[in-house]
Every structure is written in structure tokens, then in C-alpha cells.
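Q: Turn this into a structure:
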Amino acid sequence: MTEADLDELADEIVLLFTTGEFYRGIGSGIGEVSKNFGYLTYSFLDTDTRYARSREMERMIRAIHRGILSRDKVYETVKRIFDSFNKHTSESQKRNIYHGAAGAMTGSVIVSQVVLQLATRVGNLASIPSVFSYYILLGGGMAERSIYRSRSLNTENPEVYYALRKDDLDFLFFLIEPMVEPIMESLKVKRIYGDHMFNALIDKVGEKIKSHA
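A: You can find the predicted model right below:
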């Protein structure tokens, strides 16, 4: 990964924390009808994973019956993704990243406050309630998309996948994927390139947020 790549990703993470630009992507999985039905079409051709996906569909149905389609669950999904990110950052890095958004607080209070703000903002978006009717209305197309994105998450970011999977929140990932993409990419940097590259990225984020303030 080049220095330019790190700079670009750092800029995206800074935008996530300092502007509302990424929030406009939330819920885009709901309205993209052609993409949803594209997944449905692909699922008919994908015979190799049909059995595994049928088991996932059963799990999804049980999750829906248990009330997975709610604002609280969307909130919790966002929170767990940020928890995975924060677990790999030092206290000083957390202060540099989160201080500007949470005022004069320190330590874990800063982290909790900013994650609360981000997750609440997502959960309060006007597009979120429409997920309930559209999810049922589009059925297979959106359900298949949810399953495929969950499977991709397992491959690309297993740590986050298992954090969400234990409460079936992995099925909601496709709804918030555009917003959390920079965070997911940062975790991928850690997994592929190691702690040194990840820390270099996080330090860049801290420096850019300081200059942004």
C-alpha cells in the first residue's frame, strides 16, 4: 500500500468523522432495485452455494421474527463495527481522532460519545424506517443481496463478521456499508499489512483531524 493510498483512506475516515457526506449513503441498499434483483438473478445461477445460502435464508427468517429489522439493531450494528475499529487503536490515537467531536472529554468517554453520535445519527435517518416494508416487498432480491454481502464480509473482514454474526446483525451490514466503508478498509489494512501500516494510517487520521479543527 502506497503513501498516497494511505493519505486517500485517511481523508475518507476524516470525512466520516467531520462531515455528513457519508451519511447520505445510508440505506442505499434499500432503493437500488436493479441491483437487488441482480443479486436475485445471480442467485439462481450460483448453484455451488445454493445449500449454504438456503441455510442462511432460514437464519434470516428466524432473525426477522426475533425483530432484527429495527432502529435499535441498526444502531447496534454500527456500534459493533466501531468497537472493532477502536479495539486496535491506542488511547492516544483515540484522543487524537475523537477529541474534536466530543469536546474536552478523555479516554473511553470520548470514544463512547462519538460512536453514540454516529450510530444515533444513522438510526435516526428518514430512510431507515422504509427498510421494513421494502425488505418484505422485495423479498428475494434484497434478501439475497443481504446474504451475499454477509458472505463477502466474512471473507474480507472476518473480525467484524463474527462480531455481528452472533446476533444475526451481519444481515443488516449491506444497509450501512457505504457509511462504514472507510472503517472497514482500515481494518483490512491491519489484517493484510499489519500493525505498522495500520498505526501509520491512524496517525495520519489524527493529524488530519487536528488540522481540520
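
Q: what's the single longest helix in this protein?
A: Under DSSP state H, the helix in the chain containing the largest number of residues is helix 173-193.

Q: Pull out the buried positions in that one.
A: The neighbour-count criterion (16 or more other C-beta atoms under 10 Å) identifies 173-190 as the buried residues of helix 173-193. The way it works is simple: take the backbone N, C-alpha and C, and place the C-beta from them, glycine included.

Q: List the contacts of the next helix-or-strand element following it.
A: Under the assignment DSSP states H and E, the closest C-terminal helix or strand after helix 173-193 is helix 195-212. Residues from elsewhere that reach helix 195-212 (C-beta atoms under 8 Å, 6 or more residues apart in numbering): 1, 6-7, 9-11, 13-14, 17-18, 88-89, 93, 96-97, 99-100, 186, 189-190.

Q: before we move on, what about stretch 151-164?
A: 49, 56, 77, 80-81, 83-84, 150, 165, 170, 172-173, 184, 187-188, 191.

Q: 6 Å - rerun?
A: With contact meaning C-beta atoms under 6 Å, 6 or more residues apart in numbering, stretch 151-164 is reached by 80, 81, 84, 170, 173, 184, 187.

Q: one step back: buried subset of the contacts of helix 195-212, written for PyMOL?
A: Command for PyMOL, covering only those of the contacts of helix 195-212 found buried under the criterion 16+ other C-beta under 10 Å:
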select buried, resi 6+9+10+13+14+17+88+89+93+96+97+99+100+186+189+190
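
Q: quick one: the longest helix of the chain to helix 195-212, angle?
A: The directions of helix 173-193 and helix 195-212 differ by 120 degrees, with axes from the mean of the first three to the mean of the last three C-alpha atoms, to 10 degrees as the criterion.

Q: so where's this structure shaky on pLDDT?
A: Within the chain, the stretches falling below the threshold (pLDDT under 70) are 19-45, 99-140, 212-213.

Q: What ranges does it have for its helices?
A: With DSSP H applied, the chain shows helices at 3-18, 28-31, 33-45, 50-65, 71-86, 91-102, 107-123, 130-138, 140-156, 158-165, 173-193, 195-212, listed in chain order.

Q: residues of the fourth one that come out buried?
A: Put plainly, it is helix 50-65. 53, 56, 57, 59, 60, 63, 64.

Q: Redo the residues you listed as TSV? Include distance to residue 154.
A: Formatted as TSV, the buried residues of helix 50-65 follow (distance: C-beta to C-beta, whole Å):
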residue	distance to residue 154
53	13
56	11
57	16
59	13
60	15
63	16
64	20
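
Q: Widest-spaced pair of those residues?
A: Greatest spatial distance in the buried residues of helix 50-65: 53 and 64, 16.0 Å, computed using C-beta to C-beta.

Q: hmm, back to that, can you spell out which helices and strands pack onto the longest helix of the chain?
A: Packed against helix 173-193 by the contact rule (3 or more C-beta pairs under 6 Å, 6 or more residues apart in numbering; DSSP states H and E) you find helix 3-18, helix 28-31, helix 71-86, helix 140-156, helix 195-212.

Q: which one among the buried residues of helix 50-65 gets closest to residue 144?
A: Among these, residue 53 lies closest to residue 144 (C-beta to C-beta), at 7.5 Å.

Q: for the closest one, what are its contacts?
A: Residue 53 touches residue 147, counting by C-beta under 6 Å, 6+ apart.
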